[in-house]
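**Q** everything below, folded, please.
(chains A, B, C and D, ligands or ions: 4)
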2 protein chains.
Amino acid sequence: MNAPALTKNQTLVFEVLEKADGPLSAYTILDKLRDHGFRAPLQVYRALEKLLEYGVVHRLESINAFVACAHPEQNCHSHGIVAFAICESCGHVMEFHDHEVDHRLMDWTRGKKFKAEKTTIEIRGLCEACAA
Amino acid sequence: MNAPALTKNQTLVFEVLEKADGPLSAYTILDKLRDHGFRAPLQVYRALEKLLEYGVVHRLESINAFVACAHPEQNCHSHGIVAFAICESCGHVMEFHDHEVDHRLMDWTRGKKFKAEKTTIEIRGLCEACAA
DNA sequence: TCGCACACGTTATAGCATAACGCAATTGAT
DNA sequence: ATCAATTGCGTTATGCTATAACGTGTGCGA
Ligand SMILES: [Zn+2]
Ligand SMILES: [Zn+2]
Ligand SMILES: [Zn+2]
Ligand SMILES: [Zn+2]
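**A** Ligands and ions are numbered 1, 2, ... in the order given. Sure, this is the predicted structure:
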């Protein structure tokens, strides 16, 4: 999905996520945008829906939070499944791709004739700094 | 984690999940147990917490639901990461393990010195029957 | 018998997400 | 220019998911 020009609300939400040093919940984003006129969760969720569709934002299912894509120059959707390592201490997130993992999972789904639409890979634990 | 004898509430919750043909939300479980005296979400969540700890139930992060382990004879925790394919049409869930995927992810975490605690792999899409 | 751990019950609250309505701006034929 | 369709936006209300906080009872070893 190629991203068309962002609307005002989409831009505001995206900028908040870009500036953040970790994932944010929809309600945290809302609070950060109250000064810009945001009043209701739907304003955030509607913007997020589009940003997710465009592939410039990812949703972290295991912590109900959202993060700006770490590979803005590439198109994350185009090179396979996105995986995340999430530090449960400092909240930092690392985004990566592994084609071998993609292939193994695709092999499995093909064998089961399962039509995969969206795959989630999230590793929670402690980053190097926090594990020390 | 080896499972000690289950308490009354844990047994009730586990039986509901075993009999179900798909994942259930905590509140759905609650409704199914009202006739057995359940009145509040915490009764379900507390039982689930233990069942997850014992490894006889899994949590599906991407759909906020719980499912009985499909491999009761084995110890799911003992042979690596558990992966799920979830049909978004009929709700059916397939649970599987893939050591090669485990190794690739472990290689990555080792390289980053990331201490993995819990890994989620969930594929959402359409099962063979529903994709036809 | 005392202290502790644990399961349990209840009420209240916090956190996450969407339904439903209406309005305004944009677009793109006709 | 006009109409219809689409899209974004704002608001209110509601629903779903999860936990905090407090109290009770029971079993068990020191
Ligand atoms: Zn990305
Ligand atoms: Zn950290
Ligand atoms: Zn299992
Ligand atoms: Zn299906």
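**Q** residues contacting whichever residue of chain A sits closest to ligand 4?
**A** Using CB to the ion, the single residue of chain A nearest to ligand 4 is A:F114, 8.9 Å away. (Each C-beta comes from the backbone N, C-alpha and C, glycine too.) By CB atoms under 8 Å, 6 or more residues apart in numbering or on different chains, the contact list for A:F114 reads A:108, B:85, B:87, B:94, B:123, B:125-128, B:131.
**Q** now rank those by neighbours and give me the top one.
**A** B:I123 (26 neighbours; other CB atoms under 10 Å in any protein chain shown).
**Q** give me the element that residue is part of.
**A** strand B:115-126 (DSSP states H and E).
**Q** A:E95 too?
**A** Counting by DSSP H and E, A:E95 is part of strand A:93-96.
**Q** average pLDDT for that strand?
**A** Summarised as a single mean, pLDDT over strand A:93-96 is 96.
**Q** and that strand, what other elements does it pack with?
**A** On a contact count with 3 or more CB pairs under 8 Å, 6 or more residues apart in numbering or on different chains; DSSP states H and E, strand A:93-96 meets strand A:83-87.
**Q** A:F96: how many residues sit nearby?
**A** For A:F96, using other CB under 10 Å, the count is 17.
**Q** measure it to B:A83 for me?
**A** 18 Å (CB to CB, to the nearest Å).
**Q** run through who's touching stretch A:125-132.
**A** A:85-90, A:92, A:94, B:109, B:112-118.
**Q** just the element for the residue most central in space within chain A, please.
**A** When CA atoms, centre = their mean is applied to chain A, the residue found nearest the centroid is A:H58 (1.5 Å). Per DSSP H and E: A:H58 is located in strand A:57-60.
**Q** what's the first helix or strand after that strand?
**A** strand A:65-68.
**Q** please compute how far that following strand lies from its chain's middle.
**A** Strand A:65-68 sits 4 Å away from the centroid of its parent chain (CA atoms, centre = their mean, to the nearest Å).
**Q** near ligand 1 at all, it?
**A** No - judged by CB under 5 Å from the ion, strand A:65-68 and ligand 1 are separated, with a smallest distance of 8.3 Å.
**Q** got a list of contacts for that strand?
**A** Counting by CB under 8 Å, 6+ apart, A:14, A:17-18, A:20, A:22-26, A:29, A:48, A:52, A:56-60, A:84, A:93, A:95 sit against strand A:65-68.
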